[in-house]
Each structure stands twice: as C-alpha cells, then as structure tokens.
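> the sequence and its predicted three-dimensional model are supplied below.
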Number of protein chains: 2
Amino acid sequence: MGGVELLDELRGIVGSGHVLVGADVRAGYEVDWTGRFRGTSPAVVRPGGTDEVARVVEACARAGTAVVPQGGNTGLVGGSVPLQGEIVVSLRRLDALGPVDAASRQVLVGAGAALAAVQAHAAAAGLAVGVDLAARASATIGGMVATNAGGLSFLRHGGMRRQVVGLEAVLGDGSIVAPLRGLAKDNTGYDLTGLLCGSEGTLGIVTRVRLQLVQPPAERSTALVPVPDLAAAVGLVASAHRAGLQVEAAEGFFDDGLLLVCRHLGLARPTPASTAYLLLDWAGPVDQLAAVAGIDDAVVATDAAGRAGLWRYREAHSDAINALGVPHKLDVTLPLADLDAFAVEVRTRVAAIAPGATVVLFGHVADGNLHVNVVGGPDDDTVDDVVLRTAASRGGSISAEHGIGTAKRRWLPLVRSEEELAAYRRIKAALDPAGILNPNVLL
Amino acid sequence: MGGVELLDELRGIVGSGHVLVGADVRAGYEVDWTGRFRGTSPAVVRPGGTDEVARVVEACARAGTAVVPQGGNTGLVGGSVPLQGEIVVSLRRLDALGPVDAASRQVLVGAGAALAAVQAHAAAAGLAVGVDLAARASATIGGMVATNAGGLSFLRHGGMRRQVVGLEAVLGDGSIVAPLRGLAKDNTGYDLTGLLCGSEGTLGIVTRVRLQLVQPPAERSTALVPVPDLAAAVGLVASAHRAGLQVEAAEGFFDDGLLLVCRHLGLARPTPASTAYLLLDWAGPVDQLAAVAGIDDAVVATDAAGRAGLWRYREAHSDAINALGVPHKLDVTLPLADLDAFAVEVRTRVAAIAPGATVVLFGHVADGNLHVNVVGGPDDDTVDDVVLRTAASRGGSISAEHGIGTAKRRWLPLVRSEEELAAYRRIKAALDPAGILNPNVLL
C-alpha cells in the first residue's frame, strides 16, 4: 500500500481533521524543544482514543510504515520527532482525567494529559504525583512513562516506573494490552507495565496510565547552600538524612551556571559566591536545617513564593543555556563517590577538544545524576563522545533519565553488553514484529 | 542427544559429584514444602558458578531437555519441582555474599544465598533487606527474585522487584545478561531486571543479585489488636498512618486460625476473643498507639522477645495448617474496599462445595492480600476454582505474591487478556527460544 492509500485509511480511522499534512501545521511536531533534532513527516495523526491508536498502528504495520509516537515533545534525545520521515502519532487528544480514588490513592489518566494538569487534578484531592520536572506544562504522562522520567522528586519517590501501577498500550501489531487493575501486589505474569516504562515508544504506544499518587508533605522548606564542590553537596545530603530531615529534593549546580541564570533573569547572586551550590528541599520546618552540620550562608524559604524563587535559580538553567545557542545536552549518572571527580574531569576533557565551548553542569546530586550542557563546541558528536565515555569509564550510565533516543544510540554498547543488546532486539521483535514503532530509536 | 550423553556432558561441566542421580539424594528436590507437588527428575545438577549455569543451560537447550531452576524450594505453586521429568538446576551453591557498600547501601549476593544469611550479613553493616518472609531460613534470594516475593514488609518497602537494582541471569540460550552497575537512575534500554523479577524461571535463571538495602528503624513496636472484621483492620491501619505512625507491617487473621495456632503451639489466646485480629508493627515507641483511635484490649510489645512472641501467632499459621493435612493454598489480592466482603463470601462458597473442609484465612491486610488455606476439601481443583473466581470477580488478583507456577496456570485467563497472554508467549519465545526453562510453569 502506498503513502496516499495509507493516509486515506488513517483519515478513515481518526477523521480528516486529525491527519495533519500541511507543512505549517506539521512544523511543531517535526522539531524538538532544543531545536537540535529536526525532521519531516508525511503526516501527523491525532487519534482520539485507544481503539483509534490501535487501528492506526495496525494499518501502519500492514503498510510497513514507521511511526513516531509523540506526547508533549519535551524529550531531549531526538526520540519523539520524525528524523527518518516517520508518521507522527500524537497522543495529545488522549488527555482524559479519571476521578481520583481516595482509598487507593490512584488515578487513571490518558497518555496525552500534561503533567501539570494531572498535578492540579491530584492536588484538588489533597494528593500529588510522585514525579515532577521542569517541563511539567507540556510533558505528557504517556511520554513520561515511555521514557521512565526521573526529575526533581526521584530521590524521594523514585522515577516514573515506580508511580505506574498499570497501563494500557498498543503493541506493534495493533493489539491492546491493559493490565490496569491497579493492585499493588499482583504476581500474575511478566511485568509488561515495567517493560513498557522506559521503552521509548519502541515496544508499544502508551494510551492510558494508572498512577499511584503520593501524600504531599504538610510543610516544606528550601535552602540554597554554597558548597566548595559536589562532594560536599553529597555529604550534606547524607548529613541531612542522618539528622532526620525528610529530603524531598537535592539539586546541585555551579557558579558559572548560577551567573548565567542571574544574567538571563536579571537577578543578583542570592548567596555569597562559591564554587558550587546545593538546593535542598525537605518536608519540615526550616529550623531543622540547624541540625545539619557544616551549613553556612544558606538562604532559606518556607513560603511558596520564596521557595519558587530559590528553585528558579535551578530550573532556569535550561532556558539560560538555550539562550546561548543550541546545546549538546548529556545526562549521566555516576556512582556517588565519583560525582565530583567526574565534574572536574569532564570540564577538562571538553575544554581540550572544544576550547571555546561553554560547559554548564547541574543536576540531581543525591541521585548521582548530572546534566552536562555544552554550547559552542564542534557541530558533531565529538563532545558527546568524550562526555559519555568519561561517565562510562567511571562505572556510570550514559543516560540517567533522558533515555537513549536517536542521540545516544551509538554509545549504548559502552554500558550494555552484546548479550544484553541481543536480548533487547529479541524483545523488540517479539512486541513489534513489523518493526514500525520508533525504529530509529534506542536499538 | 540422549539422556545419558547429556548427563555425561553435565558431569563434565559441574563435576560428577554435583550431578545427583540417586533417588535418595534427589528426593528433597522433587517435592515441594507442602507435599502437594511431587515429581521425579533424571538428575539434580548443582552448578558452582554463573559460567557453569550458562553451560548447563546451553547444553540442555541443545539437547531440547527442559530444566526447572530451584532455590530454597519454598514456593507454594509447584514452580520449582520437576513435575514433568525436568532436570533440576539447583542454585544453592551460588551463595556468595559480597561486601556491603555503605555509601550506596547495596550488596551483591549469589542467587543461592538464603534470605536469613543475607539478613544477617546486612545487619552486621547496620542495614536490612527490604523484603522479609516466614521461610527466610530456606528461601533463596534468586528464588525470591524469580517469584517477585512480597512478604511481611511489602507495605513499607514494596516487593522484591523494588529491592533489586541489578541482576545477572542466564537466558534460555545460555547467554549471560548482567546489568549490575547498581545505578538507581539508568535509562539505557529495556528493564531486563524488572522483567526477570517475577518471571518464575521461565525467561532466565537468576545467578547474582545486587540488592538495595534499607535502614532498619531504631525502635519498633508491635500490637496485637482484636477487631470485629477485616474492614475494621484496614480502617485501623489507615488511622495509624493518619496518626503519623510509620507502619512497618499490618497482618490480619481470624479467631479460628488463632485457635488452631494456639492448639498447635500449646498457648492460650493472647487477647480477649474476637472475630479477627490485626497485628500492627511500626517504627516508634509503643505509646504512639494511643494516638490511633478505636483500639481496645491490644497486647503490645517493644522488646525483641515480646515482639517475636506476638508475631508467632501470625507466622505459625502455616505450620499449624500443614499439621492438619495437605492444604490448598491460595493467595489473592482484593481491592481494599472488597477485602472483608471477600473473606465472608469465600467461606460461604467453599463451604457449599466442601462442607467438611477447614478454611483458614490470614494475610497482609493493608496490601489487600489474603492467603486462603483449605484443608480437607476434595482432592481436585474445585476449591481452587471457586476461590480464584471469587477473587477475580471482585477485581482482584489470583496471585498476590506466590506466583502462578503450575498450580494456577489454568486460571490465568481470569485476570489476563488473550492479548496479554500472547505478548507473554512472544516474550518467552524471545528469551527462551528452545522453550526449555520451566516450560510447565506460568504459560
């Protein structure tokens, strides 16, 4: 079946108004948020329900036409844009929010619901989503499941895989699996839910998600703490745990990044200057900080506006970096003991191959997770290569939370053996026999 | 290749002394703990390391000979005994305990290490294993991973899948996968670790496990509380949470079970008689119980001996039931709101088809998980059928934590759709192409 016939079939499934073929209406679906990944698609298809997704996938599988599932398109590794001419299947119309079940603290939501919408919905019931991230206004729950999103609350609640107690997905042959009973204890077969989490749209398209919500703390405090290096930041988080603080988040960044943010936002440095900073967020009163040894010159806040003001120094890093140019964004995990040494080494190594580049590091220090941003280096993969090899050589991961996408595929063998990759390929063939689901991602 | 040649090849791999063929030495490997599941095996093979496991599996795959992996053989669903003449691959020699890493709170252990040995090893470093269960002296970590064991601490720490930050396993073709870096945040491909957890030996044989340990509470208290029914027990747990108790476990049982235990142990009823009882265990001082409304006549303990004494009323249920005869043991999860009504309904339904049978219910009430034990009913599947159908009809699961094994295979379609079962079969074929790993289990 040729392209025209397939598009006609897709129009029959989702309605003509939901098959977008004009270049202007496709444009927003064809480029990622950073502007680094850009492609073209014959059409953007916007199904309105699970059955329509299944029929779209089945038709594309029959035609042998590749698709890229897309949620909020906030990914950073080129995993949700049509780089090889794939059809885009946008899930944004699947944004229904089910009632919050107070007894089980669960909610069933459509894959296309934005995180912020689900957060507001949960908050109305006195609950919260266990994962939070800066792209909350656009990032969709389905995309967050597909990429096993981590974010700002990982230390406290884990990543997306832990929040998902069931999901519905369309596999590569158009079949629908829906382990949605939402029972915490349910050993009845393979963990399809966990397998689809983090599979980056290559095994199935997530259509609905049953989320386990969490109880938000009654009181929260935030401190911005100058520290001499990341090792000190990691040490302070351990001290805070020992002192009995219920740490909700522990973010780290450096003075060059802080100054970039201050210039971008027109703000002054909020604390005395230091090499690095720890943003510590905990559930409890601000005076608990006195029990944590080794903290001087911290700026603290407990009210929502004050806390948001402190968080802004961390969250505005991405915007401030993007304002400099199109960044290389790497996202690595290191063993905690190696985090600080990695931060020093990676700057040296990048400077050696890209002397004029700007390197900005920030991340979730208590998770060992650093985001390495490089602006102004060579317009090829040499910077990525040196960053990822440096992380892998220290026993780290080349992707903490962003995933592999298309951007990191060539480095996957740094952290996965040939036997593991072979197992992945066999799982891929099992659930997507025609190989049409995001075929240029991950493997 | 015939049986004799295969056994010779296996002797060449593991050494003659580790291929057990005599009926007397095989006997303990051929029958399960309850005595309900019994088979015969041409040989019990005891490899001494991962490479030997891989070579054994590869040889069996080449010969087309089925194997049953076996750890402590404490399973309850016939998943680890050679019911169809399979070769038993015992993992008990793989019992090495690596050093506890204090910074990451992780430990790498062999699959054959018994839970109690790992618990003692972790305790020596001031830490604990997040899963605990009554069979701790025999149950092995590998078997607990393969069955995604739940147990007594599920409410607080989740099941085995959550404790595992990496594992090594031999797939059905003899290839070894070993995602063992132990990084909490690591989105680099499919979650093989989570997929192998709970796969019941049908996708791979677990050989080593990297466990995330937990911090044990400094102070613990236990209360045995008479309650009018399970709904009241569930309500008390919710009240305890609201009152700020950090609940570590919440177990429930009924007066008939308590009397059975008392007779078995020669003890008196520890509290005034009631229809049901809640065993509540929390991290904190005993006076916190005063903050939980609705508790009268509770017996409490804070010292280790006193707490163990209270726990004995719960943990001795299995022994007391086994002393009556070979039980049908069913293990179901219900939505919390349905738990009490299920307990009433299942007794009525079993009594209707097995009037002389003894029905004993106990379980992890806050997880919605009940163990239904029936002794003295018909020696066929009619009791199992009515129990599992009653659970499934209320939106429950036919296996909370025991798994499917051979015992519950025929009821799996009650809770899994044909599309889900088809996906399972394709995953099975992908990772065990010769179909030799526990072929009579799960699917």
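Looks like it arrived, so ask away. Numbers count the residues shown, from 1 in each chain, chains lettered A, B, ... in the order given.
> which residues of the stretch 201-350 of chain A lie near chain B?
A:Leu203, A:Thr333, A:Pro335, A:Leu336, A:Ala337 (Cβ under 8 Å from any Cβ of the partner chain). Backbone N, C-alpha and C define where each C-beta goes, glycine included.
> shaky segments in chain A?
Regions of chain A meeting the criterion pLDDT under 70 cover residues A:1-2.
> show me what the host helix or strand of A:Gly12 is packed against.
If you go by DSSP states H and E, A:Gly12 is part of helix A:3-14. On a contact count with 3 or more Cβ pairs under 8 Å, 6 or more residues apart in numbering or on different chains; DSSP states H and E, helix A:3-14 meets strand A:19-20, helix A:50-63.
> about what we covered before: can I get the residues of the stretch 201-350 of chain A next to chain B in CSV including neighbour count?
Shown next, in CSV, are those (neighbours: other Cβ atoms under 10 Å in any protein chain shown):
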residue, neighbour count
A:Leu203, 27
A:Thr333, 31
A:Pro335, 18
A:Leu336, 21
A:Ala337, 15
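> chain B: which of these is nearest?
A:Thr333 (4.6 Å; Cβ to the nearest Cβ).
> who's in contact with A:Glu251?
Listed by Cβ atoms under 8 Å, 6 or more residues apart in numbering or on different chains, the contact set of A:Glu251 reads A:Leu152, A:Leu278, A:Leu279, A:Asp281, A:Arg314, A:Phe362, A:Gly363, A:His364, A:Val365.
> before we move on, back to that, contacts for the helix holding A:Gly12?
Contacts for helix A:3-14 (Cβ under 8 Å, 6+ apart): A:1, A:19, A:21, A:42-43, A:45-48, A:52, A:55-56, A:59-60, A:63, A:65, A:87.
> show the buried residues in these.
A:19, A:42-43, A:45-47, A:52, A:55-56, A:59-60, A:63, A:65, A:87 (16 or more other Cβ atoms under 10 Å in any protein chain shown).
> element containing A:Pro226, please.
Judged by DSSP H and E, A:Pro226 forms part of strand A:220-227.
> how about the nearest residue to A:Asn107, chain neighbours excluded?
Check again: residue A:107 is Val, not Asn. Spatial nearest neighbour of A:Val107, chain neighbours left out: A:Val100 (4.7 Å); criterion: Cβ to Cβ, 6 or more residues apart in numbering or on different chains.
> run a quick neighbour tally on the one you found.
By other Cβ atoms under 10 Å in any protein chain shown, 21 other residues sit near A:Val100.
> now it: how far from chain B?
To chain B, A:Val100 is 15 Å away according to Cβ to the nearest Cβ, to the nearest Å.
> that residue reaches A:His121, doesn't it?
Yes - A:Val100 lies in contact with A:His121 (Cβ atoms under 8 Å); the separation is 6.8 Å.
> show me the common contact partners of the two, please.
Shared contacts of A:Val100 and A:His121, counting by Cβ under 8 Å, 6+ apart, come down to A:Val107.
> picking that back up, can I get the contacts of A:Glu251 in TSV including secondary structure and neighbour count?
Formatted as TSV, the contacts of A:Glu251 follow (DSSP: H, G, I helix; E, B strand; the rest coil; neighbours: other Cβ atoms under 10 Å in any protein chain shown):
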residue	secondary structure	neighbour count
A:Leu152	coil	22
A:Leu278	strand	26
A:Leu279	strand	24
A:Asp281	strand	24
A:Arg314	helix	25
A:Phe362	strand	25
A:Gly363	strand	26
A:His364	strand	25
A:Val365	helix	29
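> ok, those vs chain B, which is closest?
Nearest to chain B among the contacts of A:Glu251, with distances taken as Cβ to the nearest Cβ, is A:His364, at 7.6 Å.
> so what pairs up with that closest one in the strands?
A:Asn369 (DSSP bridges).
> correct me if wrong: it contacts A:Ser153.
No - A:His364 is beyond contact range of A:Ser153, at 9.5 Å (criterion: Cβ under 8 Å).
> residues shared between the contacts of the two?
In contact with both A:His364 and A:Ser153: A:Ala249, using Cβ under 8 Å, 6+ apart.
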